[in-house]
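K.L.:
Okay, sequence plus prediction incoming.
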Amino acid sequence: MHQLRCIILAGTFFAAIAWAQPQPAAPAITRIEGRVLVDGQQVEAPLSLRDQSVVRTEAGRVAVRFGGGSLFLGENSSVRVFESGAGNWNRLEMLDGSAVVTTGAGRTLLAGEDAVTLA
């Protein structure tokens with residue numbers, strides 16, 4: 001009986017620790033200047049993004065918050081935003097134009113199929 005009680009208490013303790021771990025933030029548009037479209041529809045901030053949403057600017061700019069930082073998309077640019085999954089952060093696919101990515105104190109992995117230039 002004592003062993004069963006210890007196992008239940010230990011399981012509860014570890015479940016509480018796992019539940020308390022910070023979850024990646026859902027991608028969201030936080031600021032818009034000018035004309036910005038999500039999946040072909042003009043939008044206004046703030047707006048949560050769904051998995052594989054395409055954010056496109058025309059004569060405008062947009063700020064997108066994601067799990068590891070923020071993306072600032074320039075005029076006439078587009079990006080596909082993938083939601084966070086269990087144990088990973090958001091993934092961004094630059095489709096066209098220019099962007100600035102900012103990150104917090106954590107490590108960020110940047111990978112691309114084509115050449116990537118950071119300025």
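P.N.:
It's in.

K.L.:
in which helix or strand would I find T57?
P.N.:
Assigned by DSSP states H and E, T57 falls within strand 53-66.

K.L.:
Pairing partners for that strand, with directions?
P.N.:
Strand partners for strand 53-66, identified by DSSP bridges, are recorded as strand 28-38 (antiparallel), strand 69-73 (antiparallel), strand 78-82 (antiparallel).

K.L.:
tell me the angle the next helix or strand after the last one makes with strand 78-82.
P.N.:
This means strand 78-82. Tracing the chain past strand 78-82, the next element assigned as helix or strand by DSSP H and E is strand 91-96. Counting by axes from the mean of the first three to the mean of the last three CA atoms, to 10 degrees, strand 91-96 points 160 degrees away from the direction of strand 78-82.

K.L.:
Pull up the pairing partners for the following helix or strand past strand 91-96, direction included.
P.N.:
Elements were assigned by DSSP H and E; along the chain past strand 91-96, the next helix or strand is strand 99-103. Listed by DSSP bridges, the sheet partners of strand 99-103 and their directions read strand 69-73 (antiparallel).

K.L.:
buried set for the partner strand?
P.N.:
Neighbour-count burial for strand 69-73 flags G69, L71, L73 (criterion: 16 or more other CB atoms under 10 Å). Backbone N, C-alpha and C define where each C-beta goes, glycine included.
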